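Asker: The amino acid sequence is not available; the structure is as follows:
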């Protein structure tokens, strides 16, 4: 067979991706031809892609070629796949062709491009969410996935056109995009030019026309309501009527928590934070807060759950910090362990154990794993050239060397890993290395060390991954990182260091060395559990009965998904290995990075001093959780989300529902006589509740939070449409209707209080106290919407849940956490004058400060435009405009330009 493809031809993407399935099954020659070349002799116009069969026949339909490749690989056709292919041809392609034409040929951007396509993208997202499967036709990749991915990739590879709210679509797209055949196809067709590679092809096409009915706005809620079946409605009503009787009996948590045969046993870990680094907001959302949401959700499902974390305390960083503060390493660990514990306590993180790695159990378990690896031939000895700082008189740990990355040229690469390209580095490979302590240039010296023989363990690792990854919830970035490591081939990794503060190496000739933290830090999970219970092996040597979820930022993936599994597999002691590896991208601060030394960003020990409650921090960090790509903390956005989503949406609904019970019915839930519309609402809320469950079961935390807000919006609309405050003054029928609406609304509020528990535990408890929600209903969340507050139930005192964040309050916090240099540039005290005072000020302002001010003006201008586009409150817009004008004034002064009085605003 011979496959003809062309650079810049959209149809070449899916056929090249599908061609990967026939490797080793059939002989296939792939030929890249020019766009004008005719490869089918009986066609008068050029046509690619084309597949020439061995029989001499030709296939020149993209879908037909892909189908042929899939059939050769043993794939069996099914009705659902055929439905998707028909939808792709008739519904998706017309709108997608128009969107690509608008973007590439006409130069349109934003909603002009995305608008025509929103309905189709929403349809894919809802379908993936409803069936709770990773792919369009089930648990495994099908022909439909490749055809739709290939069609959408040129546009969606730009994150600006992959809507954040369509979480299922994002996950599906990213999973496929990280697969090697898809990556190779994209590189061949787009040649790193992105969608612009399609320009020559699209310029030859006539402008696509859109049927009017296709260009509608995205209103998924109405569409969902319209598609509910009578059976779904009847089942929702039946479940509602069973009420509290449906709830299982209350189960007190055992102590210690141990696995139970026949039940679901969930073991959850957060990446161990390094002890003397105070965690910033990015660290908190990447590890402990995300894991806490899942742990709380697991307990609501009554899964047998153990959630643990602790401080990683060994290594050179601790020794150096001890020298700086005049303390011993142990005293430093004690001090900072308490700081970490206090921060997580304030953020309401529900650890079952928060331990530490400087314990006898850590030494015992680490040394046991080492002895088992050594006895089985997985440990090597070799001399290592290391960097030694003569000024500090010590060998330098990798993280205390900084230089230029040998792979990507990043100038602040660490001695163990480059934060920019993610590649692991041996410190001596760095260009222009420096000691981070004294900034002198270290010298290279030799020392004997021990290595973990990863190449010898590679086959075991691949077999384990082959069994684990299908059907697991490893995030796409985690899968991609591990595949990248394996594609490059594993190499032996040094597991010892010339230090004193660490786990001792129990081998003759190595008494003066300790284990390298990346070898023994992940063993800390085991030792922390062993300090919690002497029956720790029930969790950590029980892979048949325990589901292990591990949460981390993406830079920790190699250690959890590769190094520890290799160590455990080589030890041959039936260790429990990670089943679901959940890795976030990075959270940035405004437009930069967090920096404790420069005073940029909010760190954990500072958040509690802002006056903003911990639950508000939790909500906003989870709302912007960097799941598919990096995200950024923004003070302006935090204000908007608090005031719109919490205050005006969620808080408004729950407060109104409770107040109506108090004001109109004396605090007693009224009788409810459900109409067909009420029953439809029950079914729709049940559907959204099940969607919430599906999302959290897949650890799609950010999207699950949006399900809560969606239900709250439905509740607000329900109240607005039915107007119980008017009906209560009307006829008997009107008063009965007001009672039904109020009773149903307050039960929705009760449901929201339980759904909120993993995200905002304090707010959740407050709502449950106000509503006097029965205890059994507070501790379990079923998949059906139940009537938990029946008629006659007496609620408590209802008070507002949230407070408005004010512009001046947020601006003050922005300035406070903006960093020294930036703060100075923004607070230039300049007296407005036409005399030398301005000139003197200009002399003190350098190019760097001017550039900072220019960046601030650009950023503030974007904020103003965004608020105007959202038709925000006029006072809020005016306040942001005033900030913009003030920044422009500061910039003009810094550049030495004369100040101009704004037109129409002359002083009298």
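Answerer: On my side now, so go ahead. Bear in mind the structure is a predicted one, so any value in this text is a computation, not a measurement.
Asker: Now find how far off-centre stretch 611-629 is within its chain.
Answerer: Relative to its parent chain, stretch 611-629 has a centroid offset of 11 Å by C-alpha atoms, centre = their mean, to the nearest Å.
Asker: For burial, what's the neighbour tally of residue 706?
Answerer: By other C-beta atoms under 10 Å, 18 other residues sit near residue 706. Where C-beta positions appear, they are placed from N, C-alpha and C, glycine not excepted.
Asker: what's the spacing between it and residue 627?
Answerer: Remark: distance between residue 706 and residue 627 (C-beta to C-beta, to the nearest Å) = 12 Å.
Asker: what's the overlap in contacts for the two?
Answerer: residue 167 (C-beta atoms under 8 Å, 6 or more residues apart in numbering).
Asker: which residues touch the residue nearest to the spatial centre of the chain?
Answerer: Geometric centre of the chain, nearest residue: residue 627, 1.8 Å, by C-alpha atoms, centre = their mean. Counting by C-beta under 8 Å, 6+ apart, residue 627 touches 167, 170, 475, 584-585, 700-702.
Asker: just residue 237 next, same as before
Answerer: 674, 679, 682-683.
Asker: same deal with residue 609?
Answerer: Contacts of residue 609 by C-beta under 8 Å, 6+ apart: none found.
Asker: Let's verify it: helix, strand, or coil?
Answerer: Taken by DSSP: H, G, I helix; E, B strand; the rest coil, the conformation at residue 609 corresponds to coil.
Asker: what ranges do the helices span in the stretch 651-800 of the chain?
Answerer: 652-665, 676-697, 701-722, 724-727, 732-755, 761-771, 775-778 (DSSP state H, counting those that start in this stretch).
Asker: among these, which is nearest residue 569?
Answerer: helix 676-697 (27.5 Å; C-beta to C-beta).
Asker: And for that closest one, what's in contact with it?
Answerer: Residues contacting helix 676-697 (C-beta under 8 Å, 6+ apart): 129-130, 132, 167, 221, 224-225, 228, 232-233, 235-237, 239-240, 293-294, 297, 672, 674, 701, 703-704, 707-708, 710-711, 714, 718, 740, 744, 748, 751, 755, 758, 781, 783-785.
Asker: now, which of the contacts of residue 627 lie within strands?
Answerer: residue 584 (DSSP state E).
Asker: Just name the closest of the contacts of residue 627 to residue 106, please.
Answerer: Out of these, the member with the shortest distance to residue 106 (by C-beta to C-beta) is residue 170, at 26.4 Å.
Asker: Would you agree that closest one is in contact with residue 628?
Answerer: Yes - taking contacts as C-beta atoms under 8 Å, residue 170 lies within contact range of residue 628: 4.8 Å.
Asker: ok, these two, which is more surrounded?
Answerer: Just comparing residue 170 and residue 628: by other C-beta under 10 Å the higher neighbour count belongs to residue 170, 24 against 20.
Asker: got the contact list for the more buried one?
Answerer: 162, 164, 627-628.
Asker: Widest-spaced pair of these?
Answerer: 162 and 627 (11.8 Å).
Asker: What's the local residue count around residue 518?
Answerer: 22.
Asker: Phi, psi for it please.
Answerer: phi -70, psi -20 (degrees, to the nearest 10).
Asker: from now on call the first residue 43
Answerer: New numbering, starting at 43: the last item is residue 560.
Asker: Which pLDDT value does the model give residue 621?
Answerer: For residue 621, the model assigns a pLDDT of 96.
Asker: mind listing what it touches?
Answerer: Counted by C-beta under 8 Å, 6+ apart, residue 621 has contacts 510, 514, 589-591.
Asker: Check residue 824 too.
Answerer: Contacts of residue 824 (C-beta under 8 Å, 6+ apart): 288-289.
Asker: and of the contacts of residue 621, the nearest to residue 149?
Answerer: Using C-beta to C-beta, those come closest to residue 149 at residue 514, 42.7 Å.
Asker: Do I have it right that that closest one meets residue 622?
Answerer: Yes - with contact defined as C-beta under 8 Å, residue 514 reaches residue 622; the gap is 5.6 Å.
Asker: show me the contacts for residue 679.
Answerer: Per C-beta under 8 Å, 6+ apart, neighbours of residue 679: 662, 666.
Asker: Next one: it, what pLDDT does it get?
Answerer: Looking at residue 679, its pLDDT is 93.
Asker: Check the one 4 residues further on too.
Answerer: For residue 683, the model assigns a pLDDT of 94.
Asker: quick one: the helix or strand where residue 594 lies to helix 743-764, angle?
Answerer: Residue 594 is part of strand 588-595 when elements are defined by DSSP states H and E. Per axes from the mean of the first three to the mean of the last three C-alpha atoms, to 10 degrees, the angle that strand 588-595 makes with helix 743-764 is 90 degrees.
Asker: ok, and what's touching strand 588-595?
Answerer: So strand 588-595 is contacted by 301, 306-313, 324-325, 328-330, 332-333, 336, 515, 581, 602, 618-628, 741 (C-beta under 8 Å, 6+ apart).
Asker: thinking again about what came up before, shared neighbours of residue 212 and residue 670, anything?
Answerer: By C-beta under 8 Å, 6+ apart, the residues touching both residue 212 and residue 670 are residue 204.
Asker: From residue 235, how far out is the closest residue to residue 452 other than its chain neighbours?
Answerer: Of all residues beyond its chain neighbours, the one nearest residue 452 is residue 462 (3.9 Å), with distances taken as C-beta to C-beta, 6 or more residues apart in numbering. Here the criterion is C-beta to C-beta. By it, residue 462 lies 22 Å from residue 235.
Asker: before we move on, what about residue 126?
Answerer: In terms of C-beta to C-beta, residue 126 sits 29 Å off from residue 235.
Asker: Give the closest residue to residue 379 in space, chain neighbours not counted.
Answerer: residue 353 (4.8 Å).
Asker: so what's the one you found up against?
Answerer: Contact analysis of residue 353 by C-beta under 8 Å, 6+ apart lists 314-317, 375, 378-379, 382, 397-399.
Asker: Per-residue pLDDT of it, please?
Answerer: Residue 353 is given a pLDDT of 96.
Asker: repeat for residue 210
Answerer: So, for residue 210, pLDDT stands at 87.
Asker: and if you look at the one 5 residues further on?
Answerer: On the pLDDT scale, residue 215 is placed at 92.
Asker: doesn't residue 193 make contact with it?
Answerer: No - using C-beta under 8 Å, residue 215 is not in contact with residue 193, being 11.4 Å away.
Asker: where does the stretch 193-342 of the chain have low pLDDT?
Answerer: Residue ranges of the stretch 193-342 of the chain with pLDDT under 70: 251-269.
Asker: If you count contacts, what does the one helix or strand residue 341 maps to end up packed against?
Answerer: When elements are assigned from DSSP H and E, residue 341 belongs to helix 332-342. Contact analysis of helix 332-342 by 3 or more C-beta pairs under 8 Å, 6 or more residues apart in numbering; DSSP states H and E lists strand 307-312, strand 346-353, strand 588-595, strand 622-626, helix 718-739, helix 743-764 as its packing neighbours.
Asker: Pairing partners for the third one, with directions?
Answerer: Strand pairing for strand 588-595, determined by DSSP bridges: strand 307-312 (parallel), strand 622-626 (parallel).
Asker: ok, residue 398 - how many residues close by?
Answerer: 22.
Asker: Same question for residue 72.
Answerer: Neighbours of residue 72 using other C-beta under 10 Å come to 15.
Asker: Now it: closest residue in space that isn't a chain neighbour?
Answerer: That would be residue 45: by C-beta to C-beta, 6+ apart, it lies 4.8 Å from residue 72.
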